[in-house]
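Q: Predicted structure and sequence below. I'll ask about it afterward.
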Amino acid sequence: MSSTTSEVVKNPKKKSSASHALQALVSKFSILAIGLITSILNARFLGAEGRGEQAAMLTLVTFIASIATLGIPASLIYNTKKHFDDSAQYVGVALLLSLLLGCLGTGLGIVILPFWMHQYSSETVRFAQLLMLGVPFSTVTYVCWGALEGRQGFWHCE
């Protein structure tokens with residue numbers, strides 16, 4: 001019996017690669033459609049000025065979160081693929097580091113935002129500072145994606 005046939009016999013619910021690709025494609029298009037709809041609704045309700053402020057605030061959060069990861073997700077992918085048996089330790093350390101770096105990024109963002117967004121109203125700057133509390137969640141999310149990719153765990157999210 002071939003290895004492919006034995007895998008199907010052991011796991012009859014195992015889907016084909018084409019099925020996984022189609023599922024990923026449908027998911028991505030759904031996410032894009034939802035993003036498009038919410039963007040149109042935001043533009044209608046907030047107007048051009050409000051939409052620009054919202055985009056600036058959300059961009060700052062993702063920008064600071066991306067910097068705060070310091071490449072941990074890419075390193076995690078590499079190391080979990082290279083040393084699969086030790087991947088649990090890598091993931092644990094990466095999650096802890098990303099949480100700490102996310103908190104540091106939040107603090108720095110709160111301090112830097114008034115200088116960075118000086119052209120916006122003080123109300124907008126305060127709200128952007130409040131949004132900085134989402135940076136640790138974003139950094140942890142980036143690391144979780146890296147962990148799933150490193151362990152090829154996206155196939156187990158069915």
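A: Yes, it's here.

Q: any idea where the helices of this protein begin and end?
A: For the chain, the helices defined by DSSP state H occupy 3-10, 17-68, 72-82, 87-116, 122-131, 135-150.

Q: among those helices, which is the most enclosed?
A: helix 135-150 (a mean of 21; mean count of other C-beta atoms under 10 Å). In short, each C-beta sits where N, CA and C put it, glycine included.

Q: orientation of it relative to helix 87-116 in degrees?
A: Taking axes from the mean of the first three to the mean of the last three C-alpha atoms, to 10 degrees, one finds that helix 135-150 is oriented at 140 degrees with respect to helix 87-116.

Q: now for helix 135-150, which elements pack on it?
A: With contacts taken as 3 or more C-beta pairs under 8 Å, 6 or more residues apart in numbering; DSSP states H and E, helix 135-150 sits against helix 17-68, helix 72-82, helix 87-116.

Q: Kindly reformat the helices of the chain as TSV containing mean pLDDT.
A: Converted to TSV, the helices of the chain look like this (pLDDT from 0 to 100):
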stretch	mean pLDDT
helix 3-10	46
helix 17-68	74
helix 72-82	83
helix 87-116	89
helix 122-131	86
helix 135-150	86
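
Q: To residue 138, which of the helices and strands packed on helix 135-150 lies closest?
A: With C-beta to C-beta, the closest approach to residue 138 among these belongs to helix 17-68: 3.5 Å.
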